[in-house]
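Trainee: need a structure here:
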Amino acid sequence: MSAVVRQFSLSLPSELRFLSVARSFVEAVGQAYGWPSSVVHAVVLAAGEAVANIIRHAHRDIPAAHIQLQLQSNSDGVVLTLEDEGRPFDFAAVPYMNPRELRVGGRGVYLIRSLMDEVVCQPRSAGQPGNTLRMVKHFGPVPARAV
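Mentor: Purely as a prediction, here's the structure:
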């Protein structure tokens, strides 16, 4: 029996005043489909951090840019994909930080990595400017990866 996949999408202008719309969108879908509250909170927080980083950094010099959010939910978990129009960003190059380190800012990538089970960021397909950030949160234990 195949799992039912529910898919939702949202396009937002790259403006901080729409950050709450992105967070509310993810929260509403999670609550409507009965995700565990820990998953709802984790995905909402990760989505908020990712959208804020896109607006503040990737789209800093692109005021007319948009952010595309795609949310997939199935019996195993949630996949949140964000597409931006910014310069290529190497998520893997951001160093893992010591959570006890005292400094202002720079916690977004750390939070996303801590909250989500899988995180991959790569340039969008040829001919399209920007990046695709794919984040996965499982409802249960993280499945073992095939070797």
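Trainee: How many residues are close by Arg23?
Mentor: 17 (other Cβ atoms under 10 Å). C-beta coordinates here come from the backbone N, C-alpha and C atoms, glycine included.
Trainee: mind checking the SS state of it?
Mentor: For Arg23, the secondary structure call by DSSP: H, G, I helix; E, B strand; the rest coil comes out as helix.
Trainee: Please list all residues in contact with it.
Mentor: Arg23 makes contacts with 44, 47-48, 51, as judged by Cβ atoms under 8 Å, 6 or more residues apart in numbering.
Trainee: where in the chain is pLDDT low?
Mentor: 1-3, 96, 98-106, 142-147 (pLDDT under 70).
Trainee: those strands in it, which residues are they?
Mentor: For the chain, applying DSSP state E gives strands covering 6-13, 66-73, 77-83, 118-123, 131-138.
Trainee: if we can go back for a sec, if we take the contacts of Arg23, which one ends up nearest to Val21?
Mentor: Closest approach to Val21 among these (Cβ to Cβ): Val51, at 9.3 Å.
Trainee: need the helices for this structure, in chain order.
Mentor: Using DSSP state H, the helices of the chain run over 19-32, 37-53, 108-115.
Trainee: Relative to Pro95, which of those is closest?
Mentor: Among those, the nearest to Pro95 by Cβ to Cβ is helix 108-115 (9.1 Å).
Trainee: follow-up on the earlier one: can you put the contacts of Arg23 in TSV and add neighbour count and distance to Pro13?
Mentor: Formatted as TSV, the contacts of Arg23 follow (neighbours: other Cβ atoms under 10 Å; distance: Cβ to Cβ, whole Å):
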residue	neighbour count	distance to Pro13
Val44	21	20
Ala47	25	16
Gly48	19	16
Val51	26	11
